[in-house]
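Trainee: coordinates only, no sequence provided:
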């Protein structure tokens, strides 16, 4: 394996790690917002961290846009 392939592989691994890390950090954010807002306003039950990850995954599936974004000049 040459240096270019190693660098490309390291960049890909870093990008994948970054996306996964952001997803799990967003779980904490969703849990905090839910437990501090929805519980006090509507009397809902508090959710756990894993419930917030499931909620985040569900909303990303339901509200994902499938319309391609066109660039200027295309």
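Mentor: Looks like it arrived, so ask away. Since this is a predicted model, take the numbers as computed values, not measurements.

Trainee: which residues touch the most centrally placed residue in the chain?
Mentor: Nearest to the mean C-alpha position of the chain, counting by CA atoms, centre = their mean, stands residue 23 at 3.3 Å. Residues near residue 23 by CB atoms under 8 Å, 6 or more residues apart in numbering: 53, 56. (C-beta placed from N, C-alpha, C; glycine too.)

Trainee: which SSE is immediately downstream of the helix or strand harbouring it?
Mentor: Taking DSSP states H and E as the criterion, residue 23 maps to helix 3-33. With elements assigned by DSSP H and E, the helix or strand that comes after helix 3-33 is helix 39-42.

Trainee: please enumerate residues in contact with that next one?
Mentor: Counting by CB under 8 Å, 6+ apart, 45-46 sit against helix 39-42.

Trainee: pLDDT on whichever helix or strand comes after it, on average?
Mentor: Remark: after helix 39-42, the chain's next helix or strand is helix 49-62, criterion DSSP H and E. Helix 49-62 carries an average pLDDT of 91.

Trainee: now do stretch 18-26
Mentor: On average, the pLDDT along stretch 18-26 is 89.

Trainee: how far off centre is that stretch?
Mentor: In this view, stretch 18-26 has its centroid 6 Å away from the chain centroid, taken as CA atoms, centre = their mean, to the nearest Å.

Trainee: please point out which parts of it sit buried.
Mentor: Within stretch 18-26, not a single residue qualifies as buried, counting by 16 or more other CB atoms under 10 Å.

Trainee: which residues touch the spatially closest residue to residue 30 that is not a sequence neighbour?
Mentor: Counting by CB to CB, 6 or more residues apart in numbering, residue 30 lies nearest to residue 52, which is 4.1 Å off, once chain neighbours are set aside. Neighbour list for residue 52: 27-28, 30-31, 34 [criterion: CB under 8 Å, 6+ apart].

Trainee: tell me the one of these nearest residue 14?
Mentor: Taking CB to CB as the measure, residue 14 lies nearest residue 27 of the contacts of residue 52, at 20.7 Å.
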